[in-house]
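S.K.: Need a 3D model of the sequence below.
(2 chains)
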2 protein chains.
Amino acid sequence: MTLLDFDSDRLAQFADQVRKDYDELKAKNLKLDLTRGKPSSEQLDFAESLLALPGEGNHTDADGADVRNYGNLKGISDIRTLWAEVIGVDPENLIAGDASSLNIMFDLITWSYMFGNNDSERPWKDLEGDGEKIRWICPVPGYDRHFTITETLGFEMVTVPMLEDGPDVEAIRELVKDPLVKGMWSVPMFGNPTGITYSEEVCRELAAMETAAPDFRIVWDNAYAVHTLTDEFPPIVNVIELAAGAGNPNRFWVMSSTSKITHAGAGVSFFASSKENLDWYLGIAGVRGIGPNKVNQLAHARYFGDAEGVRAVMRKHAGSLAPKFARVIEIMERRLGEYEVARWTEPEGGYFISLDVIDGTASRVVELAKEAGINLTGAGSSFPLKDDPNNRNIRLAPSLPPVEELEVAMDGVATCVLLAAVEKLGA
Amino acid sequence: MTLLDFDSDRLAQFADQVRKDYDELKAKNLKLDLTRGKPSSEQLDFAESLLALPGEGNHTDADGADVRNYGNLKGISDIRTLWAEVIGVDPENLIAGDASSLNIMFDLITWSYMFGNNDSERPWKDLEGDGEKIRWICPVPGYDRHFTITETLGFEMVTVPMLEDGPDVEAIRELVKDPLVKGMWSVPMFGNPTGITYSEEVCRELAAMETAAPDFRIVWDNAYAVHTLTDEFPPIVNVIELAAGAGNPNRFWVMSSTSKITHAGAGVSFFASSKENLDWYLGIAGVRGIGPNKVNQLAHARYFGDAEGVRAVMRKHAGSLAPKFARVIEIMERRLGEYEVARWTEPEGGYFISLDVIDGTASRVVELAKEAGINLTGAGSSFPLKDDPNNRNIRLAPSLPPVEELEVAMDGVATCVLLAAVEKLGA
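M.R.: Residues are numbered from 1 along each chain as shown, chains lettered A, B, ... in the order given. Got it, this is the predicted structure:
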């Protein structure tokens, strides 16, 4: 029987119990954190040997160059070849950078804004004025740090809903008829926070669709390409090839990194795209600096060995993360399932579970949890300007805490979801 | 007797000899490179142990945080405290980044352009139009990569001459009366390419002068602060303090890095400034990414140990570089001295020697050297838009080649200087 079917007596009784549970929860004086998608110490330990790599005497890359000296803006071929195989692109279409792919995304968009990209008639900044703004497509719920970049630039963020197999392509097709719509965010595999992977059909349509702006770009943030929670590594669609085949060779800026594979914030980032796009990027990157940290790139190449080495590491991560995801879902099913006051995703990869509670109660759930010492990501944080129009979505990040803490936290969250629900029902 | 005093017979005879020398030089089929300020393999070897640092089990910073995980936009206190002592600033005024301080300079200027900095009324981009441009002061000769940044942004680069004790402050004082003059490049110690160090008086005047633009900034690129070629480490003027004392606390963006101390392109960069300036920078840096590579920062902290450890490494560098500089100057004195066809700096630190040849012949010298297999930095490269109005300046970078090669190269360069001179004199 769902909560909505309860008669008023039963609801009052239920509410009393939930309030009691919540008081007990508060009495525990917890201090737990489910806010961000950080790897756990156990996961970071997998790459402990990397802290002593590349090792003394190891400073020559596959092309015979000394990685300790300046040069090579594209990154060393050792890691480029390896990673190109991992994500299934031609190494010529891939460059390796410093630790953060988010850095590269910020640069790509701000440089398009200041200078225009390789398909722009004018810098994007020069299209603004008279109330006109650059517009950007944001599938929701999505990654908060993406939205913060386009917010900082003052772009108008236009949302489209995420469906089972990716964002609503029909809606996108309409939006891109507007020449001021210059781009779109995406996390195409095991997406943040839904865990949804775009179907090949969706990829194909995004590659082929006509856009009014010739310099329209899709930021294809494939942050979780190999971050499976099962034994399977799903196929990675080569959108660069798809787009070239469809006559839109420069459509995708494809991003990935080892940041949640080796050490968070100290890995290697990768940018894959058409040669034209890479040349444009490198032209400005070569003004901004001399080249990426190649010592770290060599260390990573040595640590992985080859593409299969990356998958071997990812199996260890899956072994650590999958039980955590399973526990979270189990607890939600047990505590919330029968009342139909919430629904959640059951991702097969990535770092997040997306929890939808009763409309209008997400911020209250987060508030209640906080009062009970459980830090959740702010309600609405998966939406542009942190504005969830239904105030229903909460992003859960199960990776960081040990399982025991995670269980306590999720049991607490379930209590908060129920308390917010009974409050909403006036009980 | 100088070349100009030669009578025509003696000049003709001399020219014959120089042409013969040049033919012999070409016959050697050399392939030598003096183009860029790269450290030599010998220098890179000094930091070989860094390739195995921080080492397994070493991943905790002085504040107890795990450097393998996300976070800490300012960089770890281990390296910030150490470096603040090296350059003589308060650690609270210093943040540590990824490998490249040039990256930070590019970001500071482009972000001021797009968003305005903390003292801007409007973004710099909004001041352009109707033929108006942002203007930037460039002491010449100076660092080519600086000038390329302001060129890429389309700023008008206004040159001021370098004097014995720094740039011409009188000229600067006049220029900054223009509110569109938003900043200035500088390499205040052992400058690129002159080797000149700004006097404390010049520092004081730059800190105190009135500027029409409230958001005027001096990029204080102290790249060679500890790069002595002698036993002495000259005092490092704390311009942040000077500027605060003069009522212009936000005037200086102070840059440095370990890039020519440990491994080029794989070191740690530092940005020191007023708290307000740092807060503004971190506000946008926190949108661009999550934080710098802290593993590399910890590795560097362990490698150096303390501030004295940095100076110990720099003494080794001086031991390797000083003989090279000495040989270059010796060869120029021997081959060119008596003819008065060139003058050169004799720096006590840094990476470059600035060579002035007879007006109008620098590009010819570079061309002749190239034909003889000796690659020099392009003539004019130390000037904005690569335009040396006197076509006289050549930047020599003695660090990379072994001494034997350097001697051959410099002897060849001397021949080219003489040949260009006799050509110019019509002989």
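S.K.: in the stretch 251-400 of chain A, which spans are helices?
M.R.: Along the stretch 251-400 of chain A, the stretches classed as helices by DSSP state H, counting those that start in this stretch are A:275-288, A:294-304, A:307-336, A:362-371.
S.K.: just those: most buried one?
M.R.: Greatest average neighbour count among those goes to helix A:294-304 (a mean of 26), per mean count of other C-beta atoms under 10 Å in any protein chain shown. (Each C-beta comes from the backbone N, C-alpha and C, glycine too.)
S.K.: just the residues of the stretch 51-200 of chain A that are near chain B, which are they?
M.R.: The stretch 51-200 of chain A comes close to chain B at residues A:51-59, A:66-71, A:98-100, A:102-103, A:106-107, A:110, A:113-115, A:125, A:145, A:148-149, A:152-153, as judged by C-beta under 8 Å from any C-beta of the partner chain.
S.K.: list the contacts for the residue lying closest to A:Lys386 once chain neighbours are set aside?
M.R.: Leaving aside its sequence neighbours, A:Lys386 sits nearest to A:Gly380 (C-beta to C-beta, 6 or more residues apart in numbering or on different chains; 4.3 Å). By C-beta atoms under 8 Å, 6 or more residues apart in numbering or on different chains, the contact list for A:Gly380 reads A:Ala362, A:Ser363, A:Lys386, A:Asp387, A:Asp388, A:Asn391, A:Asn393.
S.K.: swap in A:Ser259?
M.R.: A:Ser259 neighbours (C-beta under 8 Å, 6+ apart): A:Ala99, A:Ser100, A:Ser101, A:Ala223, A:Gly265, A:Ala266, A:Gly267, A:Ser269.
S.K.: wouldn't the last one be in contact with A:Ser257 here?
M.R.: By that I understand A:Ser269. Yes - the criterion here is C-beta atoms under 8 Å, and A:Ser269 meets it with A:Ser257 at 4.1 Å.
S.K.: okay, and the common contacts of these two?
M.R.: A:Ala99, A:Ser100, A:Ser101.
S.K.: Run a quick neighbour tally on the residue lying closest to the first one once chain neighbours are set aside.
M.R.: Take A:Ala99 and drop its neighbours on the chain: the residue closest to it by C-beta to C-beta, 6+ apart is B:Asn293, 4.8 Å away. Counted with other C-beta atoms under 10 Å in any protein chain shown, residues neighbouring B:Asn293 total 25.
S.K.: just checking, B:Asn293 touches A:Gly97?
M.R.: No - counting by C-beta under 8 Å, B:Asn293 stays clear of A:Gly97, with 11.4 Å between them.
S.K.: show me what contacts the residue nearest to A:Ala99?
M.R.: With contact set as C-beta under 8 Å, 6+ apart, B:Asn293 has these partners: A:Asp98, A:Ala99, A:Gly265, A:Ala266, A:Asn293, A:Asn296, B:Asp98, B:Ala99.
S.K.: repeat that with 6 Å
M.R.: By C-beta atoms under 6 Å, 6 or more residues apart in numbering or on different chains, B:Asn293 lies in contact with A:Ala99, A:Ala266, B:Asp98.
S.K.: and of these, the nearest to A:Gln13?
M.R.: Comparing the contacts of B:Asn293 against A:Gln13 with C-beta to C-beta places A:Ala266 closest, at 53.2 Å.
S.K.: returning to that earlier point: give me the PyMOL select line for the residues of the stretch 51-200 of chain A next to chain B, limited to the buried ones.
M.R.: In PyMOL, a selection of the buried entries from these looks like this (16 or more other C-beta atoms under 10 Å in any protein chain shown):
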select buried, chain A and resi 51+52+53+54+59+66+67+68+69+70+98+99+100+102+103+106+107+110+113+114+115+125+145+148+149+152+153
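S.K.: Show me the residues of the stretch 51-200 of chain A next to chain B that map onto helices.
M.R.: Counting by DSSP state H, these place A:Leu102, A:Asn103, A:Phe106, A:Asp107, A:Thr110, A:Tyr113, A:Met114, A:Phe115, A:Arg145, A:Thr148, A:Ile149, A:Thr152 in helices.
S.K.: what about A:Thr262, distance to A:Lys74?
M.R.: 21 Å (C-beta to C-beta, to the nearest Å).
S.K.: typo on my end, it should be A:Leu94
M.R.: Distance of A:Leu94 to A:Lys74, computed by C-beta to C-beta: 9 Å.
S.K.: now do A:Ala301
M.R.: Counting by C-beta to C-beta, the separation of A:Ala301 from A:Lys74 is 14 Å.
S.K.: Then A:Tyr339?
M.R.: Distance, A:Tyr339 to A:Lys74, using C-beta to C-beta: 55 Å.
S.K.: ok, A:Lys316 touching A:Asp45?
M.R.: No - the criterion here is C-beta atoms under 6 Å, and A:Lys316 misses it with A:Asp45 at 9.6 Å.
S.K.: Let me know the closest of the contacts of A:Gly380 to B:Asn238.
M.R.: Nearest member of the contacts of A:Gly380 to B:Asn238, counting by C-beta to C-beta, is A:Lys386, at 41.1 Å.
S.K.: Name the residue of the stretch 101-250 of chain A that lies nearest to chain B.
M.R.: Residue nearest to chain B within the stretch 101-250 of chain A (C-beta to the nearest C-beta): A:Phe106, separated by 4.1 Å.
S.K.: Tell me, what's the model's pLDDT at A:Leu4?
M.R.: In this prediction, A:Leu4 carries a pLDDT score of 85.
S.K.: which one is it nearest to, not counting chain neighbours?
M.R.: A:Glu340 (7.1 Å).
S.K.: Look up how far chain B lies from the one you found.
M.R.: 36 Å (C-beta to the nearest C-beta, to the nearest Å).
S.K.: And the helices in the stretch 101-250 of chain A?
M.R.: Listed in chain order, the helices found in the stretch 101-250 of chain A under DSSP H, counting those that start in this stretch are A:101-115, A:144-152, A:169-175, A:200-208, A:239-245.
S.K.: mind checking which helix or strand of chain A has the lowest mean pLDDT?
M.R.: One helix or strand of chain A scores below all others by mean pLDDT, DSSP states H and E: strand A:32-33, with a mean of 90.
S.K.: and the residue of the stretch 301-427 of chain A nearest chain B?
M.R.: Among all residues of the stretch 301-427 of chain A, A:Leu400 sits closest to chain B, at 8.5 Å; criterion: C-beta to the nearest C-beta.
S.K.: Could you tell me how far the strand ranked longest in chain A lies from the centre of the chain?
M.R.: With secondary structure taken from DSSP state E, chain A has its longest strand at strand A:156-163. Between the centre of strand A:156-163 and the centre of its host chain there is 15 Å, according to C-alpha atoms, centre = their mean, to the nearest Å.
S.K.: Run the angle between it and helix A:200-208 for me.
M.R.: With axes from the mean of the first three to the mean of the last three C-alpha atoms, to 10 degrees applied, the angle from strand A:156-163 to helix A:200-208 works out at 150 degrees.
S.K.: elements contacting strand A:156-163?
M.R.: In terms of contacts (3 or more C-beta pairs under 6 Å, 6 or more residues apart in numbering or on different chains; DSSP states H and E), strand A:156-163 is packed against strand A:135-140, helix A:169-175.
S.K.: Tell me which of these is the most buried.
M.R.: Comparing the helices and strands packed on strand A:156-163 by mean neighbour count (mean count of other C-beta under 10 Å), strand A:135-140 comes out on top with a mean of 24.
S.K.: Pairing partners for that one, with directions?
M.R.: Strand A:135-140 has its sheet partners listed here by DSSP bridges as strand A:156-163 (parallel), strand A:181-186 (parallel).
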